[in-house]
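# what follows is a protein structure lacking sequence information:
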Ligand SMILES: Nc1ncnc2c1ncn2[C@@H]1O[C@H](COP(=O)(O)OP(=O)(O)OP(=O)(O)O)[C@@H](O)[C@H]1O
Ligand SMILES: Nc1ncnc2c1ncn2[C@@H]1O[C@H](COP(=O)(O)OP(=O)(O)OP(=O)(O)O)[C@@H](O)[C@H]1O
Ligand SMILES: [Mg+2]
Ligand SMILES: [Mg+2]
């Protein structure tokens, strides 16, 4: 990677929750302009925390970046507010949906365009989101709380797109979505990336998908980056294959045949 | 019959006055999901400012025209409420993003104490007068139909009008503008709102400021009725069943709730009270609100309480 | 060790009753300052004081009491609130500190043989109510004219407001007038229903038993419902400047009981202006000096100081008195007109003398009327009817003693 | 906890049962559910047999979660009936359902946020606790014993889910995936006969999913727990379920063995798409 | 380095389920009890007892009760003052009407009256939630204010509604002295706190918390919302009722209905929020904060003013007190939104890691 076109540069950050719980222990990563970068890792590895640190949503969780630096296009952003970041084109899709429960789906989407003024563009964008997720159009007048889990997830993704971002932080976008929608979401990512040069940083559990669509990957374990490399390389790495793709040692094993569940291997103990 | 009508009217107008205070609660609740305990203190603070400024301005500037002085005092008091709103955001709310309702509630309570102390320090704790030229004496209408006529209080009538205008304006603001939508979003989920670029700080300043102005109007009207002093803050307690009955999130609800509570408590006090020794209106208001809640747990116009799994 | 007699001052300068509490508290403080400045204390004993803010809340009041009661040379307590009075009544006998409740508190505590430590000086709500009824009767042309009349009591819904009811009921029975009770929920900011009821009943007179914001609100509502203010009679806690000032013209004609005069003419007030305010040591603003409640504060404090003086006469001049000794002083006050004149209270109040059986000392008051800008007296001093009140006090006191399983004080105890 | 020796890797309790399917334990008949104009479910019928792993699949908003909510008594369907272990109900009552041995996990986390992991899972055992308020207050005799028994049981679950380190952490502070595990733990703590799982593996990576599958198969094997599973990962569904119901827009469009369903045209069109 | 749990292996669940699993905590609590029972009585002045310690103990007890309802079961209550009043007047009636009624029994009966009242006004909680429920409880508050003023029988026919008790005895021993009252309150508080702690860490406590956090999910795992909510109302109002009776009998001695006004209800709610919702410890911190701080400020501010030679007068002090008090509330919340109890435990956690920052 050349350093010139790096949009996001996370440099050795340490994150502490509640003044005492140290969660990230020096995480560094770079996201080049126009790329799709994936963060992979097991539950509790710190993926979400990393994304929150970038989008500055840590404060609401009583977390703080205590060491290291985060730069967006060369500008230090640790002290900006999340709203400032959205102004600079960085939008996060939060894990676990977080739709505005009392607003309808359409209101949710329109709220996503809060930072924009041009009515025509917003309307066009809304149509685009509805085109991506036809299901949302059907449910546009329901209050978000009363839509299904997958519908909420689509709503959250669509809402972020309404801000017309230049960089999107996606936290587990595939969660709760039906397979073909998952596929579609990644196609949308690819599409936006290719056509509008939107940069993506995504945290995913669906490793095979993530590696298929991303350009570069970081693997995290208990608050550290333990491995990184171009997506294609990672996809062929034996360990990754075994633990993240479930195809260790040749063919995909049936879930029925995996034997014991006490065989976890970690890069770092 | 005449007396019944009188009581009814009296109740309606008292209700409108409650609504004015209730509006302040609704605004802030709608915009941040916080039940603002400081509303009563804000009413007091605003009224104190208004009362003392309208007294000081002629003294300091030699302004003789009373209307001009009052107007200036109103504007200055409004500006003061803006400063309060800004300080509240800057010193309190921004540090409590994404915290639970109870925490925020408590914080507004801290604000309430602070404002009560500050208000009395700056403006004194005696009884002060706001005289915006409201007519005090009663008028009697329909004296052809009923012996003695029906008593109407002009002051209350004006107050009710002002309240109605405020409500219409605020309803429009909430229903029709993007900011209104953003406010509701903030109330639902601070973090998600932040994540899509809604500047919580600015939103809160706006809302607290609007609530401050509503408090100022309420304080002015109540103040001209009661005189301005500490007890004004307790008016909030009478407005509480109104908010709850109307629904915490509904501006029109605050009005309708006010009318129902106003009428209910006056009728009960006048007709049931004497049978049980009187003094029942306040608990009756609460029981009335409770009765409605049992049928509609979110109040008449409140947003449905969502519980989903 | 300087000789100092300590006066704890419970007061409320914040909260709903602050507008009334403040001038009252200022008067109490200024009098002590004045005595020190003018006379150097009482026979050389300096008077010291400390204020403690109760906010009219009982628990804060108790805290203040506990804090200040063990100061050296503590003379007496004046709780300034009915609720605090109740709580302290239980505590003072053990601590042996007298409690003065001028014009408020428990009406039955007039009976000093039952309530050894309570001094409801100058009047209780029973005497107040009685005087009002007498005054009304006189206006109507005799007690027999009261028959069939309607008198409404609009009262603060608390023990304070309820105290006069038994007496009024007694009087109603005697003279055949109808007593209507209209409670107002504290603090009294919302009275529309009450006044609608008044309008419906059309009573001949309204007695107002309010405090703080309730008074001015009542007057405003009376105006708004067109009830004639001339027919309204307040107790002495409903007849001060803060109650009528911001109602202005609307309160014209309203009457209230007065225990004392107001104004800056009396000598004692002049002395305060000279010795205290003149030296820039006034507690409150200068133009508040001599207002109704301020003057009442001055009187309270004067009675306290005189009790100390009286006690010194018996237990040793120039000594610091204990609470018990001050209690004796309070029980043996004898302030005749001459003495009052000498103290600078000429015309301010009626003479007063207490005894073991009578802790009130005086049951006189008169009626004043607001003329739109100031209070003017509209009756002579009227004395409450002992015939009616005595038996009630006695009965109440007996019940109290029985409940507490205590015995009436003996004659010997009265001597000590 | 130092005392690992006494803890096995799988929950004790019910006696092992065979893999063979038993009689119908849960039967859903003609269920229809609508919210205003939205028809979440239309005339759905299917049955679940004892010891079976029954999957429910379908596109987003098909009505899968709503179906579970009907079984749990969270929603009251407008039409139809549900039979559970031989008893037929028009409307289900949550408490009764729980008492009859049905446990459930939730799609959107429904944990008790303010409570620790341990306490969350312990609530799953509450139905087992018999001592009254007074005994609990005094914490003597049976109350104390019971509490310890339940604790032991819960520790096995914690061990299994590998959340020992978080035992005393408030669940609100856990990562999403860990919270899902706790949710499962809470359901397991009820020692259910029927376990309703709503997307238990969302937010897990393959390795974790494998563990989860292993576990579901184990409880199913060893204790004969019947499992109703909603899952979007077709790999999982096809591998471990015995029969699959497919919903689409509130209607049932397929029902049968994984192989049947995979071949069903409607299902392919509505849900599976071509890539799977 | 002193505060470590390293090396304290628990070999049974019983030991892990103790109230204080860490040895240092146990020592600390034992010391605290010794101090409270023995050392304090030896050192405190009469003023300390009567004006600070006794009200603190009683308010802590009341806050404990409120915390069960609000903090553990999540039912916002603004009617605690009413429950205290019912406890006080209930106990009073038993005490004066039944000859020879022992004090402790009267207190318990008063508590039971409050329980009944609490359950009655808790019934709406089956349908009404959150802030809306506050209305139901406020209805209780204003109704009780009215009831004790208006129904003469309840106040033993005292014309003004004020009543009094005196010469209190426990098992034949007079507790009129400050120390006696202190010990009496302390014992009651300690016992009730222990029982309450047992409840909240037991099955019923988990039910309460489950209802608080997510009632639908709680119902699905078999918790009956009705039982959980009403039992919380019952237990909580019992404790609050006993506290109310103590407040009346022991602290005030003579009281009127206004002693249990809505302000008291608010204060109790503040105590539990400031102290920490859902924490027994929090009730103590909260009570200390709300009871002691204003008194401390009230005494400290004049001295401070004198120091800088400013005479701000009692009014100024009272206002400054309000401002500082409000400011401190906000400040504490910013430092730790979950209350002083959480601050305390975070502090302990830091201590555990010390000297390393994390
Ligand atoms: N608000 C919080 N307070 C305290 N600890 C937290 C908080 N949020 C997360 N943690 C802790 O930080 C660690 C990392 O959490 P994070 O949410 O970043 O993991 P993740 O990689 O996103 O996992 P998952 O895949 O399960 O979402 C976890 O151990 C978690 O318990
Ligand atoms: N309480 C409710 N009020 C209104 N509509 C509802 C409610 N619950 C569910 N719905 C609607 O019913 C439909 C089915 O929802 P359900 O949650 O059952 O879907 P699902 O199959 O679980 O989808 P997913 O896979 O996305 O979780 C959705 O369109 C949803 O919006
Ligand atoms: Mg995550
Ligand atoms: Mg679902």
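Good, I have the coordinates. On a predicted model such as this, the values are computed, not experimentally measured, just so you know. Ligands and ions are numbered 1, 2, ... in the order given.
# can you confirm residue A:44 is in a helix?
No: Residue A:44 sits outside any helix when classified using DSSP: H, G, I helix; E, B strand; the rest coil, being coil.
# and it, how many residues sit next to it?
23 (other Cβ atoms under 10 Å in any protein chain shown). For the C-beta atoms, the positions are set from N, CA and C on the backbone; glycine is no exception.
# list phi and psi for residue 92.
All of this refers to chain A. phi -110, psi 140 (degrees, to the nearest 10).
# wait, chain D
The phi/psi pair for residue D:92 (degrees, to the nearest 10) reads phi -90, psi 150.
# ok, which stretches of the stretch 51-200 of chain A are helices?
Using DSSP state H, counting those that start in this stretch, the helices of the stretch 51-200 of chain A run over residues A:82-87, A:105-112, A:119-132, A:134-138, A:149-161, A:179-196.
# which of the ones you listed sits closest to ligand 1?
Checking the helices of the stretch 51-200 of chain A against ligand 1 by Cβ to the nearest ligand atom gives helix A:149-161 as the closest, at 14.2 Å.
# what packs against that closest one?
Applying 3 or more Cβ pairs under 8 Å, 6 or more residues apart in numbering or on different chains; DSSP states H and E, one finds that helix A:149-161 contacts strand A:90-93, helix A:105-112, helix A:119-132, helix A:134-138, strand A:167-171, helix A:179-196.
# can you say which of those is packed in most?
Greatest average neighbour count among the helices and strands packed on helix A:149-161 goes to strand A:90-93 (a mean of 28), per mean count of other Cβ atoms under 10 Å in any protein chain shown.
# hmm, that one in reach of ligand 3?
No: using Cβ under 5 Å from the ion, strand A:90-93 stays clear of ligand 3, with a minimum separation of 11.8 Å.
# I'd like the average pLDDT over that strand.
The average of the pLDDT scores along strand A:90-93 is 93.
# please identify which helix or strand holds residue C:49.
strand C:46-53 (DSSP states H and E).
# what lines up beside that strand in the sheet?
strand C:4-11 (parallel) (DSSP bridges).
# and the partner strand, how far out from the chain middle?
Between the centre of strand C:4-11 and the centre of its chain there are 18 Å (Cα atoms, centre = their mean, to the nearest Å).
# and for stretch D:247-255?
21 Å.
# near ligand 2 at all, that stretch?
No: using Cβ under 6 Å from any ligand atom, we find that stretch D:247-255 stays clear of ligand 2, coming within 6.5 Å at best.
# how about that stretch and chain A, touching?
No: Stretch D:247-255 is not in contact with chain A by Cβ under 8 Å from any Cβ of the partner chain; minimum separation 9.6 Å.
# which other residues reach that stretch?
With contacts defined as Cβ atoms under 8 Å, 6 or more residues apart in numbering or on different chains, stretch D:247-255 is touched by D:33, D:39-46, D:56-59, D:61-64, D:67, D:243-246, D:260-261, D:264, D:266-267, D:270-271.
# endpoints of that stretch, how far apart?
With Cα to Cα, to the nearest Å applied, stretch D:247-255 spans 9 Å between its terminal residues.
# also stretch C:52-59?
12 Å.
# again, but for stretch C:7-21
End-to-end for stretch C:7-21, by Cα to Cα: 17 Å.
# circling back to that earlier point, closest one to chain D among the helices and strands packed on helix A:149-161?
Each of the helices and strands packed on helix A:149-161 has some distance to chain D by Cβ to the nearest Cβ; the shortest is helix A:179-196, at 3.7 Å.
# the closest one - contacts with which helices or strands?
Partner elements for helix A:179-196 (3+ Cβ pairs under 8 Å, 6+ apart): strand A:36-41, helix A:149-161, strand A:199-204, helix A:207-213.
# now distance to residue E:263 too, for the ones you listed, in a markdown table please.
Rendered in a markdown table, the data for the helices and strands packed on helix A:179-196 read as follows (distance: least, Cβ to Cβ, whole Å):
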| stretch | distance to residue E:263 |
| --- | --- |
| strand A:36-41 | 53 |
| helix A:149-161 | 43 |
| strand A:199-204 | 50 |
| helix A:207-213 | 58 |
